[in-house]
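Q: Sequence and predicted structure, then a few things I'm wondering about:
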Amino acid sequence: MRIAFHAPLTALLLLWGLTESRAQGLADGKLRLEGLRTVTEEQVEKWVASQLEFIEATEVNMARADDVAYFLEIALRDRGYEDATVDWNLSRNAAGNQVIVLSVFEGREIALGDIVVLGNEAVEDDGVVELMTSATRKRLEIDNTDELPYVEADIEAGRERVLEFHRLLGFSDVEVDVQTELSGGTANIAVTIVEGRVYRVGELTLPEPPVPEVERGYDKIREDFEGKSYSLAVRENLASRVREIAVDAGYYYAVAAAKEVSTEISGDAGRVDLAVTADWGERVRVAAVSVEGNAKVKDKFFARHFEELVGEPYSPDTTNRQVEELLQTGAFETVRTDIVEQPDGSFVLDVEVEEGPSRTLGVYAGFATYEGGIGGFEFQNLNLLGSVRKINAAVEFSSRGARGEVEYTDPWFLWSDVALRTGLFAINRAEEGYEKFKTGGRYEFTRKFGRKEKNAVSFFGEASYTDVHKAEIDPLFLGDRKYLAHAAGVSLTHDRRDNPRAPRSGFIARTSVSAASSAIGSEVEFLKATGRLGYYLPVGEHTLRLAARGGTIAPMGDTDAIPIDLRFFNGGAQSVRSFQERSLGPRDPSSGHPVGGEFFTVFNIEYEIPIQAMDGLSIVPFADAGNVIVEAEDAALDDLRYAVGLGLRYRTPIGPLRLEYGFNPDQRPGEPQGTFHFGFGFAY
């Protein structure tokens, strides 16, 4: 078994802070409970936590006592103690200090028993039960349990949810009857549903469009509404959609309304034809842009950034995209916009900004098993020359060497929709089995496109000089040791994750192809391709994550073998977690050092389960698989190595803190039985 640590000092300090706790009774002894039978003091502390915190921070008095008694009584009734009462009085403890005494009468606790569903065809029984109990589960934050308290108001709320859900499915005449039978301390529920006739949207009659932009939106509206379930809410949604496309075309004051024009009945189904009327109003065009609040950012930047809006119809969607671009730079705390009519009848886009700190200097330190001690600093300027362009400079030292890098980011290269990232770097580093000096530069041009700009295409490249020296690996496995490489390529990304920093749903797919050739000044020639697919699925409060990655690099032209520093390595906290960093795969027989390969795969699956009793903490069982193959022509899913394990994860503002152990279920000679990993961020 080996241990691998991957965490900066900040993470260690956070972990230390989590372990610090103190014993605390009810409001530090200012409150006493009497009469509890089935309820524990720990449960009471959780139910009225905010009231107890207030009592602890202030003096005991009658108002505080009445307040906590009222909320405890409500909490008990919400949990099935329908006859519960809580009385209070003030007393003194042995030290002579005043305390609140709560006398609790729990009364009869009624549990929710069986829920029998009759008459439903459109919705499965489990779905009806979920709707009937959702109010209780949500209020008490109960995910899945066989026992719930019976609360009459919650059951009535559940009946309304069943009604509303059926109406959304088109059953406008649905009836739902709920009967409750009390048997001892259990309430059994019978839900009888008379679904009636299902109605669907028939033909849509839409108003004459004022401009082609509105007419183009009609096709999508017909696709989304015709033939779909009809309910009263559909009329409002239809009118809102028509107004939405009108507003985005510049008809800011448009008003739309929808109404039923005919209903046709055929057996158990009904068809409702709808018509929309609209008053388009005046088309609003942006005559000018006014900016307030900027001090460090130059006025001419805003003039260029918003110039495509001037003279055009006012579009909230386009304006919001421009605002989102500003916020993503990090140079602004807030950006607010509004369209304001002027006395002469023209319209001005009013932009109010709050600038954030533009220059930051960060210092960090940490430790990792492979890296050893780590320390460095980073300088960042988010508003270079008042133009909202970013420059980063970083220097990092570790037991394996040093790294320096300067990077420039221009989100609007030549005031286009293309973003530019370019930088210079220098690395002096000792890998396992060899040392290297590498210096060079990178560049990347990215263009986002598609709905909400979820897709991106990038053209990228890197030119670098590498010197591999002090090698303990057989020269047969090293390849060229001093070489100039220049590779250029293209990548495609489709990102549908709900939150790139902490995804719980959606997926991301990315593929890239690059080539190094003598035609662009490279002394080594190769073709490289990589791919990544990640899928995220919420399961209640839990999260299932699946990922697959792979890559291949093959020599071409006059190059016979890929140099060791360009090959793929595997193993570690972001890949197969039963191995240390770079340790999975072929090794030099003479020295035992890893030599990498021209092909690799990584497959991951993990299931995150939040621990309800400890906010932010979760357990994560996982399984990994992957390989490294020496030559690209032998690429296959053979010789996979595996990991199964369990981890703890704590959510922090700067990313999840991870402590994981990966067990090797198919251990071979020379391989670890397992490896611990400690670090920040998601595994993939």
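A: Ah, there it is.

Q: Quick check: next helix or strand after the least confident helix or strand in the chain by mean pLDDT?
A: When the helices and strands of the chain are compared on mean pLDDT, DSSP states H and E, helix 9-19 comes out lowest with a mean of 39. Per DSSP states H and E, the first helix or strand lying C-terminal to helix 9-19 is strand 31-34.

Q: burial of S262, as a residue count?
A: When counting by other C-beta atoms under 10 Å, one arrives at 11 neighbours for S262. C-beta: built from backbone N, CA, C; applies to glycine.

Q: Check whether it really touches A275, as I assumed.
A: No: S262 is beyond contact range of A275, at 9.3 Å (criterion: C-beta atoms under 8 Å).

Q: In the stretch 1-150 of the chain, where is pLDDT below threshold?
A: 1-25, 27, 143-146 (pLDDT under 70).

Q: what are the ranges of the helices in it?
A: Secondary structure of the stretch 1-150 of the chain (DSSP state H, counting those that start in this stretch): helices located at 9-19, 41-47, 49-57, 62-78, 125-140.

Q: check contacts around the nearest residue to I115 once chain neighbours are set aside.
A: Spatially, and ignoring its direct neighbours in sequence, I115 is nearest to I189 (4.5 Å; C-beta to C-beta, 6 or more residues apart in numbering). Going by C-beta atoms under 8 Å, 6 or more residues apart in numbering, I189 touches 112-116, 132, 155, 178-181.

Q: G479 is in contact with A471, correct?
A: No: taking contacts as C-beta under 8 Å, A471 lies outside contact range of G479: 10.8 Å.

Q: OK, contacts around the residue lying closest to V104 once chain neighbours are set aside?
A: In space, and not counting its chain neighbours, V104 is closest to G35: 4.2 Å by C-beta to C-beta, 6+ apart. The contact partners of G35, by C-beta under 8 Å, 6+ apart, come to 103-106.

Q: Among those, which one has the most neighbours?
A: Neighbour max across the contacts of G35 (other C-beta under 10 Å) = V104, 21 neighbours.

Q: I'd like the distance between that residue and S266.
A: Here the criterion is C-beta to C-beta, to the nearest Å. By it, V104 lies 61 Å from S266.

Q: got it, and F603?
A: For F603, the distance to S266 equals 52 Å [C-beta to C-beta].

Q: higher neighbour count, the two?
A: Using other C-beta under 10 Å as the criterion, F603 and S266 rank with F603 on top: 20 against 8.

Q: Can I take it that the more buried one is in a strand?
A: Yes: assessed by DSSP: H, G, I helix; E, B strand; the rest coil, F603 belongs to a strand.

Q: Determine the number of other residues adjacent to the nearest residue to it once chain neighbours are set aside.
A: Counting by C-beta to C-beta, 6+ apart, A625 is the residue found nearest to F603 once chain neighbours are left out, at 4.6 Å. Using other C-beta under 10 Å, A625 has 18 neighbouring residues.

Q: how close does A625 sit to F599?
A: A625 sits 15 Å away from F599, going by C-beta to C-beta.

Q: Please enumerate residues in contact with stretch 51-66?
A: 26-28, 30-31, 45, 67-68, 71, 88-90, 97-100, 102.

Q: ok so, going back, tell me the one among the contacts of G35 nearest to V323.
A: Proximity of those to V323 (C-beta to C-beta) peaks at V104, which lies at 53.3 Å.
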